[in-house]
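# Sequence first, then the predicted structure:
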Amino acid sequence: MVKSPKQFQKVLETTKSVCPACFIKNKKVRVIPAKIGVDDKNIVRMVKSCPKHGTFSDIISRDLGWYEKHQKWKADGTCAQQACGDFKACPVGCGLLCPGHKTIPSLVNIDLTNRCNLRCYYCFANSAASGYVYEPTFEQVEEMVDMVANIKPHAPASIQFSGGEPTLRDDLPEIIKMTRAKGIPQIQIATNGIRIAKDVEFAKKIADAGLDTAYLKFDGLTPETNIANLQYLDAILKNARATGLQFILVPTVMQRNRHEIGKIIKFAMKNIDVVRGVNFQPVSFSGRMSVKDLEKERYTTYDLLCDIEAQTGLKKENFYPPSFVMPLSNLFEKWSGESKIKFSMHPSCGAATFAYVDKEKLIGITEFVDVEGFFAFIDNCAENFTKGFFKKFRTGLRLITNYKKYINKQKAPALFVKNMKKLFYGSHKGLGDFIKGNMLYIGAMHFQDVYDLDLERLQRCGVSYATPDKKLIPFCTYNVLNVRQDVERKFARPN
């Protein structure tokens, strides 16, 4: 265990967490008070004390200024109207989330199997060692999709089929077709790409069925960092180009592969015709990951952004938390009179940006757009929006005539200026059109573990799991607090 009674120079906020020792030793979820503050080295930490096991300290960010800047965009979203469960039992009382949840998820995972053709020691899933197979029937999957599609006041934007390895299911094309028919705007899979590499006909089937994006496991470009699927990369890219599949690279980042972050981004730039972005995931100390030296091994979002800047030149000032774009959601909601997806995830959950790829050069969006000025303008439009045809017309006219003021036309790519107005469509297609034209998404999603678990973050979680018993559970609850194992055992068959 990592214990450290470090004193704060300044307490930033109070929250609740869990005791790591109670959970690791006894599988007991003991909720305890926690404080987030800054120590004498300007490091932001979580410190929490268990009456039985003492004090624990973990690093949240290595820079106070960066942390405080991102926290100012914390926002609450919307709770699902069907929310059930026991908020008093948080973090393990989830039903369809619970009445205390502050965000309808933008993405819902549905695990199709816990079988996998890899054995990654840091994986959340552990099918090889579990001794059973979790594989919902087609009918159970359809019931989960129906549950997601009927969340009110609005459904999540995306469903991601995950596992295990979802491409091991031969009925994946039919599952994708069924989901598309339910009206889900975005359909994804999380995959290691091995079957896509080996079976171009299967790749074509899932593409033709309506798959939008494949989140591709991608931990590096050398045998030392990517023992999983490096040998299949050429075939994956070849079959993607043959079938029209689009990828987001998903590297799990830790100390052993952080030196290849720049190479991963440059690989995405080189293959931007089939790679639309990179979504880095700093490692969570869960599953089969060792926790012997947390202080040494902890790798934060801030660490990642520093490495991106050092290895690519893309400055960390280009990155913002998902909640930064809340003004757009608020404006779309008032304009349409309908509830819209709100990216109200906690700022500590991650950060993202778009960058323009100019041959071998990566140009950060803040180099040609006053991003903060633009969103302050959108926020003002939303706050001053009033109903009525002519007032709505004036707001629309104000948007169209003023948004270019925040773009440096001398530096901005011409296609970017043209596509930026498509953001105002307030639709999945509008966003898709915006990122076309050599725009590369680069993001970070930092999942929690029992050392840094923050109930404030859980209650704003924008990524959830649907289960066969009609529950919707936040990602970090599901994977960190053994909920995954409970669900899989309940609906499993012997291996």
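Arrived safely.

# drop to CA atoms for contacts and neighbour counts, all remaining ones
Fine.

# Can you tell me the closest non-neighbouring residue to the most centrally placed residue in the chain?
Nearest to the mean C-alpha position of the chain, by CA atoms, centre = their mean, lies residue 445 at 4.8 Å. Spatial nearest neighbour of residue 445, excluding adjacent residues (CA to CA, 6 or more residues apart in numbering): residue 350 at 4.5 Å.

# And for residue 49?
According to CA to CA, 6+ apart, the nearest residue to residue 49 is residue 55 (4.1 Å).

# quick one, strands of the stretch 1-150 of the chain?
10-18, 31-38, 44-50, 54-61, 107-111, 132-134 (DSSP state E, counting those that start in this stretch).

# Could you list the paired strands of the longest one along with their orientation?
The reference is to strand 10-18. strand 31-38 (antiparallel) (DSSP bridges).

# Compile the strands of the stretch 1-150 of the chain into JSON lines and extend it with columns for mean pLDDT and mean neighbour count.
Formatted as JSON lines, the strands of the stretch 1-150 of the chain follow (pLDDT from 0 to 100; neighbours: other CA atoms under 10 Å):
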{"stretch": "strand 10-18", "mean pLDDT": "95", "mean neighbour count": "17"}
{"stretch": "strand 31-38", "mean pLDDT": "97", "mean neighbour count": "20"}
{"stretch": "strand 44-50", "mean pLDDT": "95", "mean neighbour count": "24"}
{"stretch": "strand 54-61", "mean pLDDT": "93", "mean neighbour count": "20"}
{"stretch": "strand 107-111", "mean pLDDT": "98", "mean neighbour count": "25"}
{"stretch": "strand 132-134", "mean pLDDT": "90", "mean neighbour count": "20"}
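
# Please name whichever of the ones you listed is nearest to residue 226.
strand 107-111 (23.7 Å; CA to CA).

# helices and strands around that closest one, which ones?
For strand 107-111, the packing partners by 3 or more CA pairs under 8 Å, 6 or more residues apart in numbering; DSSP states H and E come out as helix 138-149, strand 158-162, strand 463-466.

# now with 6 Å?
Helices and strands touching strand 107-111, by 3 or more CA pairs under 6 Å, 6 or more residues apart in numbering; DSSP states H and E, are strand 158-162, strand 463-466.

# Just the CA atoms of that strand, as CSV, please.
Output of strand 107-111 as CSV, limited to C-alpha atoms (Å, rounded to 0.1, in the frame of the first residue of the first chain):
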residue,chain,number,x,y,z
LEU,A,107,-21.4,6.9,-24.6
VAL,A,108,-22.7,3.6,-23.3
ASN,A,109,-20.6,0.4,-23.5
ILE,A,110,-22.2,-3.0,-24.1
ASP,A,111,-19.9,-5.9,-23.5
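
# tilt between that strand and helix 138-149?
Calculated by axes from the mean of the first three to the mean of the last three CA atoms, to 10 degrees, strand 107-111 forms an angle of 170 degrees with helix 138-149.

# Neighbouring strands of strand 107-111 in the sheet, and parallel or not?
Strand pairing for strand 107-111, using DSSP bridges, gives strand 158-162 (parallel), strand 463-466 (parallel).

# can I get the ones you listed in CSV with distance to residue 375 and mean neighbour count?
Formatted as CSV, the strands paired with strand 107-111 follow (distance: least, CA to CA, whole Å; neighbours: other CA atoms under 10 Å):
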stretch, distance to residue 375, mean neighbour count
strand 158-162, 24, 24
strand 463-466, 24, 26
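
# So for residue 355, which of those strands sits nearest?
strand 158-162 (22.8 Å).

# Now do the closest one: everything it contacts.
Applying CA atoms under 6 Å, 6 or more residues apart in numbering, the external contacts of strand 158-162 come out as 107, 108, 109, 110, 111, 186, 187, 188, 189, 190.

# do the same with stretch 142-157
80, 81, 105, 106, 107, 185, 339.

# Run a quick check on residue 411 versus residue 369, I expect a contact.
No. Applying CA atoms under 6 Å as the test, residue 411 and residue 369 come out as separate, 8.9 Å apart.

# For those two, indicate the residue with more neighbours.
Comparing residue 411 with residue 369 by other CA atoms under 10 Å, the one with more neighbours is residue 369, at 19 against 11.

# Tell me who's in contact with that one.
Contacts of residue 369 by CA under 6 Å, 6+ apart are 406, 407.

# Please report how far it lies from residue 379.
16 Å (CA to CA, to the nearest Å).

# Please apply the same query to residue 85.
34 Å.

# One more: residue 207?
From residue 207 over to residue 379 the distance is 38 Å, taken as CA to CA.

# Equivalent analysis for residue 71, please.
17 Å.

# that older thread, for residue 354, which of the helices and strands packed on strand 107-111 is the nearest?
Closest approach to residue 354 among the helices and strands packed on strand 107-111 is made by strand 158-162 (19.5 Å; CA to CA).

# next one: the closest one to chain centre, how far?
Offset of strand 158-162 from its chain centre (CA atoms, centre = their mean, to the nearest Å): 12 Å.

# again, but for stretch 221-228
On CA atoms, centre = their mean, the centre of stretch 221-228 falls 23 Å from the chain's centre.

# For that stretch, which residues meet the burial criterion?
Buried positions in stretch 221-228, judged by neighbour count with 16 or more other CA atoms under 10 Å: 221, 225, 226, 228.

# can you name the farthest residue from the center of the chain?
Distance from the centre of the chain peaks at residue 390, with 38.9 Å (CA atoms, centre = their mean).

# Return the per-residue confidence for that one.
Here the pLDDT value assigned to residue 390 is 77.

# likewise residue 139?
98.

# residue ranges with poor pLDDT in the stretch 301-450 of the chain?
Residues of the stretch 301-450 of the chain that meet the criterion pLDDT under 70 lie in 421-437.

# 90 instead?
332, 334-338, 340-341, 358-360, 383-404, 409-438 (pLDDT under 90).

# And the strands in it, which stretches?
Using DSSP E, counting those that start in this stretch, strands in the stretch 301-450 of the chain cover 350-358, 361-364, 439-445.

# Show me where the stretch 151-300 of the chain has its strands.
158-162, 186-191, 213-217, 247-250, 252-253, 275-282.

# can you tell which of the strands paired with strand 107-111 is closest to residue 75?
The nearest among the strands paired with strand 107-111, by CA to CA, is strand 463-466 at 15.9 Å.

# Any buried residues in stretch 400-409, and which?
Going by 16+ other CA under 10 Å, stretch 400-409 has these buried residues: 403, 404, 406, 407.
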